[in-house]
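J.: Below are the sequence and a predicted model; questions follow.
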Amino acid sequence: MSDNVADTIFDIIAKEANIERGKITLESTLKDLEIQSLDAVQILFEIEDHFKITMPDRDPNFDTESVKGLVDTVHKLLAAQAATPPPSNG
């Protein structure tokens, strides 16, 4: 099964942190990949921008330290977004 969310996140991490995409796995943490905190912030911004979501900041229910955590968080947020009807315009 191909996971577009994971693929996109891998691409964003590779681009923003300037590392080879092949080095990134779901098991990687941002620390493992030697991603600086400034790059990590930029990665989160890019993910938010791409998926039109807002990443939780320091929320204990979400893991934004690992690649798998980022992918899971985006899946959860997209699912929540899909379940919420858009505000009606009157």
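T.: Alright, I've got the coordinates. Residues are numbered from 1 along each chain as shown.
J.: Flag every buried residue along the longest helix along the chain.
T.: Longest helix in the chain, counting residues (DSSP state H): helix 67-83. Using 16 or more other CB atoms under 10 Å as the test for burial, helix 67-83 gives 67, 68, 70, 71, 72, 73, 74, 77. No exception for glycine: its C-beta is placed from N, CA and C like everyone else's.
J.: Let me know the closest of the residues you listed to residue 26.
T.: Nearest to residue 26, judged by CB to CB, of the buried residues of helix 67-83 is residue 68 at 4.2 Å.
J.: And the closest one, how far from residue 5?
T.: 11 Å (CB to CB, to the nearest Å).
J.: next one: residue 43
T.: Distance of residue 43 to residue 5, computed by CB to CB: 14 Å.
J.: if you count what's nearby, which of these two comes out ahead?
T.: Neighbour count, other CB atoms under 10 Å: between residue 43 and residue 5, residue 43 has more, with 22 against 17.
J.: separation between that one and residue 85?
T.: 30 Å.
J.: can you check residue 22 too?
T.: From residue 22 to residue 85 the distance is 41 Å (CB to CB).
J.: residue contacts, the residue nearest the centre of the chain?
T.: In the chain, the residue lying closest to the centroid (CA atoms, centre = their mean) is residue 70, at 4.0 Å. Residue 70 makes contacts with 9, 43, 47, 63, 64, as judged by CB atoms under 8 Å, 6 or more residues apart in numbering.
J.: do residue 29 as well
T.: Counting by CB under 8 Å, 6+ apart, residue 29 touches 65, 66, 67.
J.: Relative to residue 85, how far out is the last one?
T.: What it means is residue 67. Counting by CB to CB, the separation of residue 67 from residue 85 is 31 Å.
J.: Nearest spatial neighbour of residue 73, chain-adjacent residues omitted?
T.: Once flanking residues are discounted, residue 73 sits nearest to residue 62: 4.6 Å by CB to CB, 6 or more residues apart in numbering.
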